[in-house]
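A.B. asks: Dropping a prediction and its sequence here:
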Amino acid sequence: MKKIRNKKTLILGFISLFIVVSVIAISTFTDGNLISVYNSFEQPSLSHFFGTDNMGRDLFLRTIVGFRNTFLYALLVQIIPFVLGSFIGAFLGYYGSIIDEVLLHFFNILLSFPSILAAIFLSVFVGGGVSVVIMIFSIYGLIYNIKLVRAEIGQVKNSDFVLGLRLNGISEKKILFSHMIPRAFFILWPLLPLLIGHTMIGLSSFSFLGLGVQPPTPELGVILKDSLRFANSFPHMIIFPGLFQITCVLIFTLFSDSLNMDLRTRRLGGIND
């Protein structure tokens with residue numbers, strides 16, 4: 001069973017990677033803003049898979065370019081919290097102190113504020129745009145990862161394994177960098193695809209509300225926003241880009257679930273061994 005699950009994880013991982021790389025590669029040589037007023041509002045066909053919009057732009061090409069932009073933004077948003085969250089969370093969870101308790105309460109206060117309010121607040125002072133949204137999502141993602149790693153490391157630091165290392169004369173610093181921090185990365189790794197998918201939805205939502213990427217830059221939220229006013233007369237303009245986004249997020253979610261199953265299988269295998 002363990003080998004079967006590992007094989008499924010590997011296959012799904014390669015499929016996900018192939019899809020993402022293929023879409024990004026195609027979109028690199030594609031102009032999502034190519035206007036052709038003579039081809040406005042065309043229905044889906046072999047020449048235009050998703051049809052065209054009010055300006056005659058090919059919705060399929062525009063959608064994959066939008067996916068590339070949304071995905072790269074989401075990847076940037078999650079990579080920074082992934083790395084910093086592992087180090088900071090492992091440090092706070094392993095050593096613990098009054099500073100750790102103060103930071104925990106401070107993080108809880110920050111998380112009590114919806115990210116949309118934070119984006120609106122910052123937009124008033126520094127202006128809107130994708131940079132503000134990236135900063136908001138990075139901060140919230142970093143806090144979430146720190147809390148998750150801190151809780152896990154806080155339980156592990158008093159385990160028999162760590163006590164054995166201390167009895168053998170291994171320094172606290174070496175235990176932290178050789179065992180706790182790698183474990184922190186191991187904790188967050190299965191969640192990374194899931195968080196990227198959720199971040200893509202969040203970024204699209206902010207762009208849809210006018211707080212993220214601004215037109216005419218192709219982005220999934222911008223495309224859906226532009227298509228909304230024509231949804232009754234030309235539903236293909238919002239259905240196909242929407243289904244494309246749902247499918248992409250579903251792939252990331254399934255990949256994350258497979259990594260979690262693989263992680264549980266390895267833990268059980270380690271116990272049984």
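C.D. replies: Looks like it came in fine.

A.B. asks: secondary structure class for Phe14?
C.D. replies: Secondary structure, DSSP: H, G, I helix; E, B strand; the rest coil: Phe14 is helix.

A.B. asks: Leu259 versus that one, what's the distance?
C.D. replies: 13 Å (CB to CB, to the nearest Å). (C-beta placed from N, C-alpha, C; glycine too.)

A.B. asks: Would you mind telling me which of those two has the busier surroundings?
C.D. replies: Per other CB atoms under 10 Å, whichever of Phe14 and Leu259 has more neighbours is Leu259, with 19 against 10.

A.B. asks: Just give the nearest non-adjacent residue to the more buried one, would you?
C.D. replies: Pro190 (3.7 Å; CB to CB, 6 or more residues apart in numbering).

A.B. asks: My read is that that neighbour contacts Phe252, right?
C.D. replies: No: Pro190 lies out of contact with Phe252 (CB atoms under 8 Å); the separation is 11.7 Å.

A.B. asks: quick one: which of these two has more around it?
C.D. replies: It is Phe252, of Pro190 and Phe252, that has more neighbours when counted by other CB under 10 Å, with 22 against 19.

A.B. asks: Provide the secondary structure category for the closest residue to Leu59 other than its chain neighbours.
C.D. replies: Counting by CB to CB, 6+ apart, Phe50 is the residue found nearest to Leu59 once chain neighbours are left out, at 3.7 Å. At Phe50, secondary structure determined by three-state DSSP is coil.

A.B. asks: do Phe71 as well
C.D. replies: Look at Phe71: counting by three-state DSSP, its state is helix.

A.B. asks: Val213 too?
C.D. replies: On the three-state scheme (three-state DSSP), Val213 is labelled coil.

A.B. asks: dump the residue contacts of it.
C.D. replies: Listed by CB atoms under 8 Å, 6 or more residues apart in numbering, the contact set of Val213 reads 69, 73, 130, 203, 207, 219, 221-222.

A.B. asks: Hmm, which of the residues you listed is lowest in pLDDT?
C.D. replies: Ranked by pLDDT, these bottom out at Val130, which has 82.

A.B. asks: I'd assumed Leu211 was in contact with that one.
C.D. replies: No: contact between Val130 and Leu211 fails when scored by CB under 8 Å: they sit 9.1 Å apart.

A.B. asks: So which of these two has more stuff around it?
C.D. replies: Set Val130 next to Leu211 and count neighbours by other CB under 10 Å: Leu211 wins out with 22 against 18.

A.B. asks: In stretch 108-123, which residues are buried?
C.D. replies: For stretch 108-123, burial by neighbour count (16 or more other CB atoms under 10 Å) applies to 115, 118-119, 122-123.

A.B. asks: same check, this time on stretch 122-137
C.D. replies: 122-123, 128, 130, 132-134, 136-137.

A.B. asks: Which of these fall in helices?
C.D. replies: Judged by DSSP state H, helices contain the following of the buried residues of stretch 122-137: 122-123, 130, 132-134, 136-137.

A.B. asks: what's the closest of these to Phe87?
C.D. replies: When these are compared for distance to Phe87 (CB to CB), Phe137 comes out closest, at 19.2 Å.
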